[in-house]
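Colleague: Sequence and predicted structure, then a few things I'm wondering about:
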Amino acid sequence: MKHKPSETSRRTLVKSLLWRLIGIVWTWTGAYFIILLLPESKAKATLAASLIVIYHHSTRMVMYYFYERWWGRISWGKTDDPDPVPRREKLIWTAGTFAILGLIFYLLLVVTPWITGK
C-alpha cells in the first residue's frame, strides 16, 4: 500500500519556505532589538544569547500554531484523505531519525573537541 500525502509537494514547499522566511525576519528583528536595548553594563554575550533563545522559542511556538491554523483554511494544494502510513515506512523513518541524531551527537561530542583541540 503506497502512502498518499494529504497535501501536494508544492504546497509543502511553499509552506516551508514561507515559514523559514518569517522565522529569519522574526528572529533577526528580535535579536536586533534585544542587543540594541540591552544596557552596555549588562551587554554580555551569554545574557544576549539567552534572551534571544528565550524570545525565539517562546514566540515562535505561538506563531507556528497560528501559522498552521491559517494554512489549514487554505484549500490550495490539499488532496483527499491520506492512506495510513505503512508500518515498514514508519520504522524506516524512525531508524533514519535516530541515525541522524546519533551522527549529530557524535559530531558534537567527539569530532568538535578533536577539531578545536580541546
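Modeller: Thanks, I have the structure now.

Colleague: Walk me through the domains of the chain.
Modeller: Following automatic domain parsing, the chain resolves into domains at 1-84, 85-118.

Colleague: Now those domains in TSV, please, with extra columns for mean pLDDT.
Modeller: As requested, the domains of the chain are arranged in TSV below (pLDDT from 0 to 100):
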stretch	mean pLDDT
domain 1-84	85
domain 85-118	83
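
Colleague: Could you say which of these is packed most deeply?
Modeller: With neighbours taken as mean count of other C-beta atoms under 10 Å, the domains of the chain reach their highest mean count in domain 1-84, at a mean of 12. The way it works is simple: take the backbone N, C-alpha and C, and place the C-beta from them, glycine included.

Colleague: How far off centre is that one?
Modeller: In this view, domain 1-84 has its centroid 7 Å away from the chain centroid, taken as C-alpha atoms, centre = their mean, to the nearest Å.

Colleague: and the helix or strand containing residue 59, what other elements does it pack with?
Modeller: Using DSSP states H and E, the element containing residue 59 is helix 45-72. Helix 45-72 sits against helix 9-37, with contacts defined as 3 or more C-beta pairs under 8 Å, 6 or more residues apart in numbering; DSSP states H and E.

Colleague: how far off helix 45-72 does the helix it packs on point, in degrees?
Modeller: With axes from the mean of the first three to the mean of the last three C-alpha atoms, to 10 degrees defining the directions, helix 9-37 sits at 150 degrees from helix 45-72.

Colleague: other SSEs contacting helix 9-37?
Modeller: Helix 9-37 packs on helix 45-72, going by 3+ C-beta pairs under 8 Å, 6+ apart.
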